[in-house]
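**Q** Provide a 3D model corresponding to the input given below.
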Amino acid sequence: MNKLIKLLSFLLVINLLILGNLIIKQYNTVDLLPISYAQTAKHNNDNYNLITSILKDTNKNNLIKYADYFEIQITENIPNLPKSNIAFTLSLPEQVSFIAIYNKIDNNNYKFKYLIDNLSLIDNFYFYNNFLIVEQKDKNESAEFNEKKLFEVFFKQNNTFISVFKKSTYDEKFISKDNDSFKEIEISSIDYVPGDIPKILCIVTTSVYRTELFSSQKDKSPEKIKEITKKEVYNFNYSKNTFDLFSSNIIR
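**A** Down below sits the predicted model:
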């Protein structure tokens, strides 16, 4: 009986050692990105290993077959983040764009940290405390306004960035009444203002044009019948995690 107990104890110890080794291996390999991949991408323009590793870390394995078509940008020394952080911006033109942020854990590896997903083509991004501002190129292009962009603000909650504000710098809509067609164009200048209560400042110019529904002069410029400019201020509501309109005043 004593021999049997010793044998079972020995087997239990062996199993625990094997299990512990597997756990350690899993911990050491999950979501780790070799720094050499980023260095190779920067110096040799060889992005494949880097892109496929990021797609795996961000649970986008279904996109690995398109790895050769992805465009990637590497951002080091991210403003308002520790120097150990590095950001990778991946874009599959006209389809997928996202930001993956990693943290350097030793001289050989980065560890996946944050994903900011479902973006348009990324133009610029920057951090303020727990807020991330992403300026994007709007997919819905306009023939009348070349600099059409999306201004989106994310808030970090439980290590996840959630979208809390999104506005286009250009918007248009048509209104038909009787035999007239009215086109309303809204052009906005948008800025994030940090502080104890973060704010978003928007200077919005709205112009209304009259156009004929069945005009024979197709190249005729529409008639502007109204234009106003407003100053809008949005304050962040920490209880709801939203930017709420605080004031809206006509300035001209």
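
**Q** tally of neighbours for the residue nearest to residue 110 when sequence neighbours are not counted?
**A** Excluding the flanking residues, the one nearest residue 110 by CB to CB, 6 or more residues apart in numbering is residue 102, at 3.7 Å. For the C-beta atoms, the positions are set from N, CA and C on the backbone; glycine is no exception. Per other CB atoms under 10 Å, the neighbour tally for residue 102 reads 23.

**Q** buried sites along the helix or strand containing residue 204?
**A** Residue 204 is part of strand 199-212 when elements are defined by DSSP states H and E. By 16 or more other CB atoms under 10 Å, the buried positions in strand 199-212 come out as 200, 202, 204, 207-209.

**Q** Quick check: which ranges of the stretch 151-252 of the chain have low pLDDT?
**A** 212-221 (pLDDT under 70).

**Q** do that again at 50, thanks
**A** 213-214 (pLDDT under 50).

**Q** Where does the closest residue to residue 130 other than its chain neighbours fall, secondary structure wise?
**A** With CB to CB, 6+ apart as the criterion, residue 130 has its nearest non-adjacent residue at 4.2 Å, and that residue is residue 156. According to DSSP H and E, residue 156 maps onto strand 149-157.

**Q** how close does the closest residue to residue 189 other than its chain neighbours sit to residue 110?
**A** Leaving out its chain neighbours, the residue that sits closest to residue 189 by CB to CB, 6+ apart is residue 203, at 4.4 Å. Separation of residue 203 from residue 110 (CB to CB, to the nearest Å): 40 Å.

**Q** who's in contact with residue 252?
**A** By CB atoms under 8 Å, 6 or more residues apart in numbering, residue 252 lies in contact with 228-229.

**Q** Could you report the neighbour count for the closest residue in space to residue 198 that isn't next to it in sequence?
**A** Of all residues not flanking residue 198 in the chain, residue 236 sits nearest, at 4.4 Å (CB to CB, 6+ apart). Residues near residue 236, counting by other CB under 10 Å, number 21.

**Q** cool, residue 179 as well?
**A** Neighbour tally, residue 179, other CB under 10 Å: 8.

**Q** re the thing from before, tell me which residues of the helix or strand that comes right after the strand holding residue 204 come out buried.
**A** Reading on from strand 199-212 to the C-terminus, the next helix or strand found by DSSP H and E is strand 223-237. Buried residues in strand 223-237, defined by neighbour count with 16+ other CB under 10 Å: 230, 232, 234-236.
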